[in-house]
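J.: What follows is a predicted structure for the sequence shown.
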Amino acid sequence: MTISTDNPSSRPSSLLGLLNRVPGSTRLSITQIDNRKVVAVFSNPGPQRGALREEDGPKIVTAAKLARSNGIPFIMVLATSGASISDGVPALSGWGRAAKAIADISGIVPIIIGLTGPALSGPALLLGLADVVITTPDSYAFVSGPRMVEGFTGVKTTNADLGGSHVQASKSGVSYLEVADESELFDKIAEVLSYLPNSTDALPKRLQSDDPPERICESLSDIIPASPTGSYDIRNVIEEISDEGEFLELRAKWAPQLVTALARIGGRSVGMIANQPQAMAGTLDIQASQKGARFVRFCDAFNLPLITLVDTPGFLPGKDIEWRGMIRHGAELAFAYAACGVPRICVILRKAYGGAYIVMDSKGMGSDMVFAWPQAEIAVMGAQGAAQILMRRASDEERASYQNTYQETYLTPWIAAERGFVDAVIDPIETRVKISQSLELLIAKKERIRPSKHANSPM
């Protein structure tokens, strides 16, 4: 990974040079990361621990506008103790203007923030606006600090326990990737950028690969356990169908029952979203729905074809999860898929039950191609649940007999294929081949943009 600075005589660099002479806690630059031009904002954590001053807001606004006008990614390396107390309300207004400027370029150019120190109070919310957040071990972020938490709740905590890198990666989902130090941070930024275009108006660069698209995936022939409740690692499937077995998983520790990753097939960048049977049997809950919805929107914004691998018994049941808004958050995932205009390919590996089957990019949600493995079970619910409802007054023997009949009759992909809900039932070893062929057909897909100002998406 290489970092170089553009010719300072260019007009944007000259403008940034003038802005950098203005006092403040940030420094701006147009640089190149692995030959990719980016606009970068660097925090200076020295004065007041990087507190954002009145002058910093306009600097960040200018950087965001330059990223948009030049159609290049926006990178920020952040370490700030919040808005400067000595600057008062103007400092608050400054980071507010910065937040608006970053929101204005969201979905237009990639926004990547690396957190190398604190991000406190209001400026911490800038992390939530980024497409990808990468954190180092010394970083921490929160809106209300340990003292305020203790004063309000009586619970003592520390910076690390409240908002450390591990907490942001596993509890809140703010951190997408964790790195060991600042040097590795830039390597990881370069890796993320390698999958993405410069802006929404471009396609990701197609790379040459020695891994043939028609490669047969022999290991997938027996990856599904014989037992219907048996577990396996869905990441092995993603690895097998990806070029050279390489992929970059995002938000790996948060909502692990749903895997989201960047990969390549035939040299083309794709987004992978898959149920993970190793965690909560792949059920969808609030966090998984939010994670999936954000990833689908991300892929849609930056023209990444979406590959969905389905193996889920449904949504997680429970009074608490329903009270916390499972309906609203489950609808986020459905809404994201319904509004997604990039090529979409769905592969049903095993279980696909009820509403979870629908929202995981089913044909009804507008998926372009839906494949199913022969052992796929596509139904309103599993055999045991159906027997308990439909045969609740029957004897145990009658219920068991009905369960076996239901399993053999309904829990197959052939009925769905006959009705057009599945385009083809495929041999698992041909999964990479079928996806590659579908990508070739769908890569030029275009959809009409909705005429309204914006939709009122569920949140």
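T.: Structure received.

J.: Flag the shaky bits of the stretch 1-150 of the chain, pLDDT-wise.
T.: Applying pLDDT under 70 to the stretch 1-150 of the chain flags residues 1-24, 46-50, 85-86.

J.: quick one: the helices in it?
T.: 11-20, 56-70, 89-105, 126-129, 146-153 (DSSP state H, counting those that start in this stretch).

J.: Check those for me and report the most buried one.
T.: When the helices of the stretch 1-150 of the chain are scored by mean count of other C-beta atoms under 10 Å, the highest mean neighbour count falls to helix 56-70 (a mean of 21). Yep, even glycine has a C-beta here, placed from its N, CA and C like the rest.

J.: what about the residue nearest the centre of the chain, which SS state?
T.: Central residue of the chain (C-alpha atoms, centre = their mean): Phe295, 3.1 Å from the mean position. Under DSSP: H, G, I helix; E, B strand; the rest coil, Phe295 falls in the helix class.

J.: isn't it right next to Thr260, touching?
T.: Yes - judged on C-beta atoms under 8 Å, Phe295 makes contact with Thr260 at a distance of 4.2 Å.

J.: shared neighbours of the two, anything?
T.: Common neighbours of Phe295 and Thr260 (criterion: C-beta atoms under 8 Å, 6 or more residues apart in numbering): Leu250, Arg251, Gly271, Ile273.

J.: between those, which is closest to Asp211?
T.: The shortest gap between Asp211 and any of those belongs to Gly271, at 18.5 Å (C-beta to C-beta).

J.: I'd like to know how many residues surround the closest one.
T.: Counted with other C-beta atoms under 10 Å, the neighbours of Gly271 add up to 24.

J.: now Ser81
T.: When neighbours are counted by other C-beta under 10 Å, Ser81 registers 20.

J.: How is the protein divided into domains?
T.: Domain segmentation of the chain under automatic domain parsing yields 3-194, 218-376+412-442.

J.: which residues of the stretch 301-450 of the chain fall in helices?
T.: In the stretch 301-450 of the chain, the helices defined using DSSP H, counting those that start in this stretch lie at 319-323, 326-338, 354-359, 383-390, 396-410, 414-418, 431-442.

J.: Reformat those helices as TSV; add mean pLDDT.
T.: TSV is the format used below for those (pLDDT from 0 to 100):
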stretch	mean pLDDT
helix 319-323	96
helix 326-338	96
helix 354-359	91
helix 383-390	66
helix 396-410	69
helix 414-418	87
helix 431-442	97
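
J.: With mean neighbour count as extra columns, can I get those helices in TSV?
T.: Listed next are those as TSV, based on neighbours: other C-beta atoms under 10 Å:
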stretch	mean neighbour count
helix 319-323	10
helix 326-338	20
helix 354-359	20
helix 383-390	16
helix 396-410	14
helix 414-418	15
helix 431-442	18
